[in-house]
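>>> what's the 3D shape of this:
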Amino acid sequence: MILVDTSVIVAWLDRQHRDHVICRDGLVYWAGKEKLAVSSVTYAELAAGGRTQEQVDEDLLGMHRVDFDFPPAWIAGQHFMRNPVRKEKGSLVLPDYMIRAQAQHLGWKHLTNDRRRLSDFPQVDFIFPEDH
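Coordinates of the predicted model:
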């Protein structure tokens, strides 16, 4: 199972996004290798993006949905607390940590387009849209 990051979903959905093609192609490639999943955290981030719930549900059709639970919440909070640059502009925000912690907790690969602070999660097998 591969947990898909919001960064990949957003680029895939926005045809004007600079990474649209690479994320679209990456999703097709990785979907041919393993089942894709999306976190309820990503669902919340997409809800904040101005699309309707029906549109988001349709966009995510075919992806396994996984609820965010207490063990990954703890992992995310601990990693976030230890991040000395969390208040800098452009640094990761708590939802980024939540999704990565969920991938760690579940032992799933994490497909992301965001290469910031990967070393915070050494147990996560990060993969990228262009890795094919």
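
>>> Only C-alpha atoms from now on, for both contacts and neighbour counts.
Will do.

>>> Tell me where the protein has helices.
Secondary structure of the chain by DSSP state H: the helices cover 6-13, 20-31, 40-47, 53-59, 70-82, 94-106.

>>> residues contacting the residue nearest to residue 21 when sequence neighbours are not counted?
The shortest distance from residue 21 to any non-neighbouring residue, by Cα to Cα, 6 or more residues apart in numbering, is to residue 12 (7.2 Å). Residues near residue 12 by Cα atoms under 8 Å, 6 or more residues apart in numbering: 19-21, 23-24.

>>> ok, now residue 111?
Residue 111 makes contact with 2-5, 8, 126-129, according to Cα under 8 Å, 6+ apart.

>>> pLDDT score assigned to it?
pLDDT, the model's per-residue confidence, is 98 for residue 111.

>>> In this protein, where is pLDDT below threshold?
Across the chain, residues meeting the criterion (pLDDT under 70) sit at 84-91.

>>> what's the burial count for the nearest residue in space to residue 15 that is not next to it in sequence?
Spatially, and ignoring its direct neighbours in sequence, residue 15 is nearest to residue 21 (7.9 Å; Cα to Cα, 6+ apart). Residue 21 has 17 neighbours, counted by other Cα atoms under 10 Å.
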